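*Asks:* here is my input, please return the structure:
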Amino acid sequence: MDQPTSMAAAIAWGQFVEVAYQMYASDKINPPTPANFPAGWERVANLTMTPRLELIHEREFAGFIAQSATDPMQQIVAIRGTESGMDWMSDFEFILETFHEVPGSGKTEQGFTNLYRSMLVEYADPDSSKPLQQSLLAQIDTLPAGTKLVVTGHSLGSSLATLHAFVAASKGVQTELVTFASPRVGDKAFVEAFQALNMNQTRVYNEPDIVPKMPIELAGYRHIEPGLSINSTLFPLKHSITCYHALSTYLYVMGDEQADICKCSKPSA
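*Replies:* Residues are numbered from 1 along each chain as shown. Sure, this is the predicted structure:
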């Protein structure tokens, strides 16, 4: 195993993350299923997370779980990246702590880890005004035997996706990880434990994007390898920190001609 996803498949999974961003923009806590939800898939549940800064905390829509209409055993977890100010606070903690969820797996970045631990699966309950809630960690244990799980995310969402894929695979779930613009998530011991699972994983990074270069290796962080390099400076796109990092840029450079790059495309001469 440990084989990269095809470019076409990676683009398709990335489009789920684009939908998660759009859902957050429509309702920051409990968005409905949008009209442009990927065809052939049914939204099973929303995901929320709760960033915290001392006594300040707020629950946010983080992504969703979807199930294939043709193969009920195929599920996807799609997680958006940084959007709110509280998300940014979690991005910049840069402290390593032991990842107790998988014994002997080294250390992971504290902000990412705490956000992952806060994540809830929120199933719609037609008989109640409130959704049925379950922690994302606990949800792994309720997956039917034989479930095939794809976990994908962008930026901060890539970090959370990496942790979730790692936990799921460590519990025997057939898991594939596809990330875009992922920062480094853990230390050398974490990377070694992750790669020992021989999980199919694709980590796409844009050469000029600064986020995949953080946190720095001097602080003890390492990347899951191999990574799949792309370079947006070779395309007719704006040269800016924001555009280098945008998921739409990633998808366009990878070959998605439908990617919405209007904010990052260069004006016509």
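*Asks:* report pLDDT for residue 131.
*Replies:* Looking at residue 131, its pLDDT reads 69.
*Asks:* so for stretch 47-67, what gets flagged as buried?
*Replies:* In terms of neighbour count (16 or more other C-beta atoms under 10 Å), stretch 47-67 has its buried residues at 47-51, 60-67. In short, each C-beta sits where N, CA and C put it, glycine included.
*Asks:* show me which pair in those residues is furthest apart.
*Replies:* Greatest spatial distance among the buried residues of stretch 47-67 (C-beta to C-beta): 51 and 67, at 27.6 Å.
*Asks:* that older thread, by pLDDT, rank the buried residues of stretch 47-67 and give me the bottom one.
*Replies:* residue 51 (78).
*Asks:* just checking, that one touches residue 115?
*Replies:* Yes. The pair residue 51 and residue 115 passes the contact test of C-beta atoms under 8 Å, sitting 6.3 Å apart.
*Asks:* tell me which stretches of the stretch 151-269 of the chain form strands.
*Replies:* For the stretch 151-269 of the chain, the strands defined by DSSP state E, counting those that start in this stretch cover 174-180, 186-187, 200-206, 221-222, 227-230.
*Asks:* distance check, the spatially closest residue to residue 207 that is not a sequence neighbour against residue 223.
*Replies:* What sits nearest to residue 207 in space, not counting adjacent residues and going by C-beta to C-beta, 6 or more residues apart in numbering, is residue 231, at 4.4 Å. For residue 231, the distance to residue 223 (C-beta to C-beta, to the nearest Å) stands at 17 Å.
*Asks:* ok, of the buried residues of stretch 47-67, which one's closest to residue 147?
*Replies:* Using C-beta to C-beta, the buried residues of stretch 47-67 come closest to residue 147 at residue 67, 9.5 Å.
*Asks:* state the distance from the closest one to residue 152.
*Replies:* 15 Å.
*Asks:* okay if I get the buried residues of stretch 47-67 as JSON lines plus secondary structure and distance to residue 236?
*Replies:* Below are the buried residues of stretch 47-67 laid out as JSON lines (DSSP: H, G, I helix; E, B strand; the rest coil; distance: C-beta to C-beta, whole Å):
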{"residue": "47", "secondary structure": "strand", "distance to residue 236": "35"}
{"residue": "48", "secondary structure": "strand", "distance to residue 236": "38"}
{"residue": "49", "secondary structure": "strand", "distance to residue 236": "36"}
{"residue": "50", "secondary structure": "coil", "distance to residue 236": "40"}
{"residue": "51", "secondary structure": "coil", "distance to residue 236": "36"}
{"residue": "60", "secondary structure": "strand", "distance to residue 236": "34"}
{"residue": "61", "secondary structure": "strand", "distance to residue 236": "33"}
{"residue": "62", "secondary structure": "strand", "distance to residue 236": "33"}
{"residue": "63", "secondary structure": "strand", "distance to residue 236": "31"}
{"residue": "64", "secondary structure": "strand", "distance to residue 236": "33"}
{"residue": "65", "secondary structure": "strand", "distance to residue 236": "36"}
{"residue": "66", "secondary structure": "strand", "distance to residue 236": "33"}
{"residue": "67", "secondary structure": "strand", "distance to residue 236": "38"}
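*Asks:* any chance of the residues you listed in a markdown table, plus distance to residue 94?
*Replies:* Shown next, in a markdown table, are these (distance: C-beta to C-beta, whole Å):
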| residue | distance to residue 94 |
| --- | --- |
| 47 | 24 |
| 48 | 24 |
| 49 | 19 |
| 50 | 20 |
| 51 | 15 |
| 60 | 21 |
| 61 | 25 |
| 62 | 21 |
| 63 | 23 |
| 64 | 28 |
| 65 | 29 |
| 66 | 32 |
| 67 | 36 |
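*Asks:* which element follows the helix or strand where residue 122 lies toward the C-terminus?
*Replies:* Residue 122 is located in strand 120-123, with elements delineated by DSSP states H and E. Downstream of strand 120-123, the first helix or strand assigned by DSSP H and E is strand 132-135.
*Asks:* buried stuff in stretch 230-244?
*Replies:* 230, 232, 237-238, 243-244.
*Asks:* then stretch 136-154?
*Replies:* 136-137, 139-140, 143, 147, 149-154.
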